[in-house]
Every structure is written in structure tokens, then in C-alpha cells.
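Give me a 3D structure for the following:
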Amino acid sequence: RCMALSTLVLVGETKEWAPQIAERAKALSMNGGFEKGADLGPVISPQAKERIEGLIASAEKEGATILLDGRGQKPEKYPNGNWVGPTIIANVTPDMTCYKEEIFGPVLVCLNVPTLDDAIALINKNEYGNGVACFTTNGATATRFQKEVEAGQVGINVPIPVPLPMFSFTGNKKSVAGGGANTFYGKPGIQFYTQQKTVTSFWSGADAGSSKASVNMPTQS
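This next block holds a predicted model:
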């Protein structure tokens, strides 16, 4: 899914969940995309694989912790594919390359912040604002998050924050066409393909010649 969120912000004590997330990811089945039971297929090209593995290596070099390393993995049936296994990178900071660049691969980068305030500030500081999700059992937390966060598509306990097509694709900031263009579908999509016309007119009561309907052929004298 193109809108599957690839950055996890762990608030407070939830940073202790990272090893459990890595264990869940490790259990994913990596196989050909049409094979029964496959959870994860190959990436699109050798160049994509090389780029993803380079970003994983950069995270390790810059001080992050590789909890689950997908480099070098391959299923027996397809040994020559462009394979990158599930990868979890913990203790990431906003200045790291793996956070600043979108990876486009099966890699989850995990950042730690102490409070909800810090989480919202971190998200809003990013120059992009396509989608974000908050997982919580607290309604007040959810309400505050959805009001204050600057991303255009917000999920509450929903991992992929994209609504049905009657709503627009509302990426903000530099997300979507470089400037928050939200003309993909929904009402803004109709407006995008609509040529508008404005007519300004004035009628005087003195111009009304008759109050009765006329069926005469109009002529010019």
C-alpha cells in the first residue's frame, strides 16, 4: 500500500514495544507475490534494492539500532529476486538519513519521544504532511491529535489513513505534487475538471414592455 506509514513514533513507555514489533515482522512470509500465504514480495528493481539496503546501512552508521535486518534474505524458490526482508530500525533521530528520505521498502523506522506534545511537534516539523495515524484508547488524546497535527489525512486507530473516494486525497505541505495538491478525487476532483463561467447582468423594470406572454415572431425594424 502506497499509504502504509513507514515511520513509527513511540511515545513514553511504548518504546519498550519495539522488540515485540520486530518479532511480529520477523514472522512475515517473504515469497513471490502470487504465492499462497505470501505477506511480502520483492521490491521493484535491483536499483531499488540497492537504495533500500544503502539506507539501512546509513542508519547503522549514524547510530541507530537494527532490531531486524532484512538484508541478504531470499526465499528458496526465487533466489534471484530483488529481495529485502522485513527490517526494523530503532532509536532513530530526525537528523538521520533514513528518517529524512522516504525508503520505499519493507523498512520501519522507529523514533522515541517522551510525550504527545513532542510527537505532534515532531510530525509538524516535517516538511511533508501526507498521512499520519494515532493509536490510542483515550478519546481526549485522539481529539487533540487530530486537531493539532498538520498532516492532511489522519487515522485514529487506522493504520492506512485513506478514506473512501468521495473524499479528496488531502496531502498537505510538500506532499502530493509538491504543494499539497488535493485534486485526485472527491469534490475537488470535480472542480479541477470543471470550467467555470460567471455572468453579471442587470435588468431594469422599465425595460419590461408587456406583462403578457407573446408568441409573435420577433422582428427587427
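
got the buried residues for the helix or strand bottoming out on mean pLDDT in the chain?
One helix or strand of the chain scores below all others by mean pLDDT, DSSP states H and E: helix 187-192, with a mean of 74. For helix 187-192, the neighbour count (16 or more other Cβ atoms under 10 Å) marks Gly189 as buried. (Glycine included, C-beta is placed from N, CA and C.)

now that helix: how far from the chain's centre is it?
21 Å (Cα atoms, centre = their mean, to the nearest Å).

Count the residues that sit near Ile160.
13 (other Cβ atoms under 10 Å).

sec struct for the closest residue to it other than its chain neighbours, please.
Closest residue to Ile160 apart from its sequence neighbours, by Cβ to Cβ, 6 or more residues apart in numbering: Met3 at 5.1 Å. Under DSSP: H, G, I helix; E, B strand; the rest coil, Met3 falls in the coil class.

Against Gln20, how distant is Met3?
Met3 sits 24 Å away from Gln20, going by Cβ to Cβ, to the nearest Å.

The two - which one has more neighbours?
Met3 (16 against 9).

Domain-wise, how is the chain divided?
With domains defined by automatic domain parsing, the chain comprises 6-114, 115-195.

Just put the ones you listed in TSV and tack on distance to Ser204.
Output for the domains of the chain, formatted as TSV (distance: least, Cβ to Cβ, whole Å):
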stretch	distance to Ser204
domain 6-114	62
domain 115-195	31
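
Let me know which of these is the nearest to Phe202.
domain 115-195 (24.5 Å; Cβ to Cβ).

in this structure, which spans are helices?
For the chain, the helices defined by DSSP state H occupy 18-26, 46-61, 97-100, 116-125, 139-148, 187-192.

ok, which stretches of the chain are strands?
Using DSSP state E, the strands of the chain run over 7-11, 65-68, 87-92, 107-113, 128-129, 131-134, 153-156, 172-173.

any idea which of these scores lowest on pLDDT?
Between the strands of the chain, the lowest average pLDDT goes to strand 172-173, which shows a mean of 78.
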